[in-house]
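In: Pasting a predicted model and its sequence here:
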Amino acid sequence: MLKVALGFALLPVFQQSSFAEDVRVNTYIENATFFRKDVGLSKFRNTLQIEAEKTYKSSGAFSNVSLSGTFRLTYDGVYDLNDEDFGEKAGRAISIENIAAGPGSTVPFGEGLALPFTFDNANNPNEGLIVLGEQLHATDGGVAMGVPVRPCDTDSRGCINGYLDKDMQELRSPELNDRLDFIRELYVDFDFNLDNGSIISTRLGKQQVIWGRTDLFRVLDVINPVDYSRNNIYDELEDIRIPMWILKTDYRMGATETFDDVNLQLIWNFDRFRPNDLGQCGQPNVIIDAGCFFRGMNSLWENGGTVANFAGGVAATDFGPGQIGIRQANLPSWSLSNSQVGLKFEGVLGDLGFSLNALSYRSQMPSLRANIQAQNAFTGEVGLWPALIAFDINFPRLTMLGGSMDYYSQGIDTVFRVEASHTSGEEFGNTLREDLYSESDVVRYVLGADKSIFIPFLNDKTAFLFSGQIFGQHILDYEREERLLGTAGIPDWEENWTATLLIKGWWMNNRLSPQILAAHDVRASATAVSLSVEWIVNDNFKFTGGVNFKLGTGARKFDDCRTCNPWSPFTASFPEHTPGSTLGLQGFEPLGRFQSGPIGMAQKEDELQFTLRYSF
């Protein structure tokens, strides 16, 4: 906090330093204060951002030479001001559902059915915990576990080394880390002019590379990972993309006999791999609650723990370390073979713009792979057990092919936008497989349209912007079937669609701008609605206020692999129960989250949101 305050105090001095005329500096300070229903303060983020650019004189064949940098530092006071929900005092002693003793019965964490090889409650105390998914639903006969929620320097349980292991300093000020994220962007631009009139335009450094033509949904725009812990899916992508060290080179050919403009772009992301930041359990924003599932499962592997309604599908059960859970995250090390390469061909023909894209990259979303060495809780033997819920986190190599198009129809004064991609090598949880995952190709697409419409009785001087999109996803190699006790297979939907609608207006010479943004997940039957007003008070000061609320059915149940029978005959439901074969017993946790999606899993995150920004 002291560092932020000192930085704010030095800003006027920095701003008034004697720069040359070819240097431009823009600076802003911002406070974002959010209040969440039934929680209270969920964000008190203070941001300092400095954007600077220095241009250089042309020399020989080189032109448009410049050096640009963006530097950002934040301090989120929610971890100090609301430490009982998100800080060092978060969590409590919990009880775990045990319906073997009757409907609604519970036992304290650490007092479940003890298997021959169990855990020591002294090393894994019943404190600083929540029950997985408790903010959304009761356990309701399903599986659940205790999840540590305090910062990793206060409570290291469940902190996955190198992946989700943020201490208090990194939660308060996430840019102050070993990846130097306070350097948000730092790159050099230059053009090399060829004799034939073409131009080779290059940008080298830490940057965001934006592919695609649509908003919110990432179909082609997958070069940079995303920080969802900042504000789930609701911040502008420009603010939550994680910049990477990249070489971007464009061969600008200009007009040809066929096209009005043609460009060929090469991307080389040579930075060390980074996944999406899904949020660590204990942060206000943990997209689809995945970080809580990961932390609870890693704590189970490292320390053991009590799992609700497990033995026989009804008895809370104490597991020992190294039996079930998440063992580790296998983050790809840096090498040339692990770098990421992309190629884009784009052109313009009249009112039509298009691109063809290809990218070889690592999945920024985690994949859980079972079939790792684990201990049999009944015999103590260490080995590979079919369909045992013991995992490593991996990030598989993917290949994406796709394209985009936008078209301006003058007759109806509307812009139409299309994006589509085919990705091979993606991995999905699959309770029908012994490894508990399978690989599939995936097709994604977005259709969008933008139109300005006058509504005279509201504003007869300025038109309103109407922007609609529909995002679709189709898993090509889909597996799901009915078993004795319920549906098993891939929990994600084979096909799903999410639609968005933005309506935005302007008053007071465009200084007052209200908007409505709604998103609806069709399969999850979940809707998010954001109402906000932006008021540009003067050239320096801007205020934004709004409310974000969700509607829908919330969490859903799916096969949780309690009946997968990994340690036959001890875990068999009947003599003929095949080892590694699920019967499909259902629960909310952990796989129902993939049916609920990011909107459905945020049903209890209605918020009032206020942002003040001062630019100078």
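Out: Okay, I see it.
In: Helices along the stretch 251-400 of the chain, start to end?
Out: For the stretch 251-400 of the chain, applying DSSP state H, counting those that start in this stretch gives helices covering 290-303.
In: Check the gap between Ser337 and Tyr56 for me.
Out: Counting by C-beta to C-beta, to the nearest Å, the separation of Ser337 from Tyr56 is 36 Å. (Glycine included, C-beta is placed from N, CA and C.)
In: In CSV, list the C-alpha atoms belonging to stretch 32-41.
Out: Written as CSV, here are the backbone C-alpha positions of stretch 32-41 (Å, rounded to 0.1, in the frame of the first residue of the first chain):
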residue,chain,number,x,y,z
ALA,A,32,-12.7,0.4,-8.5
THR,A,33,-15.0,-0.4,-5.5
PHE,A,34,-17.4,-3.3,-5.8
PHE,A,35,-20.0,-4.6,-3.3
ARG,A,36,-21.3,-8.2,-3.5
LYS,A,37,-24.6,-9.4,-2.3
ASP,A,38,-24.4,-11.3,1.0
VAL,A,39,-20.6,-10.6,1.1
GLY,A,40,-20.0,-6.9,1.3
LEU,A,41,-16.8,-5.4,-0.1
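In: Show me how far it is from its chain's centre.
Out: 21 Å (C-alpha atoms, centre = their mean, to the nearest Å).
In: Can you work out which other helices and strands pack against the lengthiest strand in the chain?
Out: When the chain is parsed with DSSP state E, its longest strand is strand 437-455. Using 3 or more C-beta pairs under 8 Å, 6 or more residues apart in numbering; DSSP states H and E, the elements in contact with strand 437-455 are strand 367-369, strand 414-429, strand 459-475.
In: Can I get those in JSON lines including distance to Cys292 and mean neighbour count?
Out: Output for the helices and strands packed on strand 437-455, formatted as JSON lines (distance: least, C-beta to C-beta, whole Å; neighbours: other C-beta atoms under 10 Å):
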{"stretch": "strand 367-369", "distance to Cys292": "14", "mean neighbour count": "19"}
{"stretch": "strand 414-429", "distance to Cys292": "16", "mean neighbour count": "19"}
{"stretch": "strand 459-475", "distance to Cys292": "24", "mean neighbour count": "16"}
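In: can you put the ones you listed in CSV and add distance to Asp450 and mean pLDDT?
Out: Listed next are the helices and strands packed on strand 437-455 as CSV, based on distance: least, C-beta to C-beta, whole Å; pLDDT from 0 to 100:
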stretch, distance to Asp450, mean pLDDT
strand 367-369, 35, 97
strand 414-429, 4, 97
strand 459-475, 5, 95
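In: nearest to Phe345, of these?
Out: strand 414-429 (14.9 Å; C-beta to C-beta).
In: show me what contacts the nearest residue to Leu115 once chain neighbours are set aside?
Out: Leaving aside its sequence neighbours, Leu115 sits nearest to Ala377 (C-beta to C-beta, 6 or more residues apart in numbering; 4.4 Å). Contacts for Ala377 (C-beta atoms under 8 Å, 6 or more residues apart in numbering) come out as Leu115, Pro116, Phe117, Thr118, Phe319, Gly320, Gln323, Trp567.
In: Put together JSON lines for the helices and strands packed on strand 437-455, with distance to Thr500 on each row.
Out: Shown next, in JSON lines, are the helices and strands packed on strand 437-455 (distance: least, C-beta to C-beta, whole Å):
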{"stretch": "strand 367-369", "distance to Thr500": "27"}
{"stretch": "strand 414-429", "distance to Thr500": "12"}
{"stretch": "strand 459-475", "distance to Thr500": "5"}
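In: Nearest approach to Arg593 belongs to which of those?
Out: Set against Arg593 and scored by C-beta to C-beta, the helices and strands packed on strand 437-455 come closest in strand 414-429, at 10.3 Å.
In: Just want the angle from the closest one to strand 459-475.
Out: Taking axes from the mean of the first three to the mean of the last three C-alpha atoms, to 10 degrees, one finds that strand 414-429 is oriented at 30 degrees with respect to strand 459-475.
In: Let's see strand 414-429 as CSV, backbone CA atoms only.
Out: As requested, the backbone C-alpha atoms of strand 414-429 are provided in CSV (Å, rounded to 0.1, in the frame of the first residue of the first chain):
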residue,chain,number,x,y,z
THR,A,414,-25.1,-2.5,-40.5
VAL,A,415,-21.8,-4.2,-39.8
PHE,A,416,-21.9,-8.0,-39.8
ARG,A,417,-19.1,-10.0,-38.1
VAL,A,418,-18.2,-13.7,-38.3
GLU,A,419,-15.4,-15.7,-36.7
ALA,A,420,-14.9,-19.5,-36.8
SER,A,421,-12.2,-21.9,-35.7
HIS,A,422,-11.4,-25.6,-35.6
THR,A,423,-9.1,-26.6,-32.8
SER,A,424,-7.5,-30.1,-32.5
GLY,A,425,-6.0,-31.6,-29.5
GLU,A,426,-8.3,-30.2,-26.8
GLU,A,427,-8.9,-32.4,-23.7
PHE,A,428,-12.1,-32.8,-21.7
GLY,A,429,-13.0,-34.6,-18.5
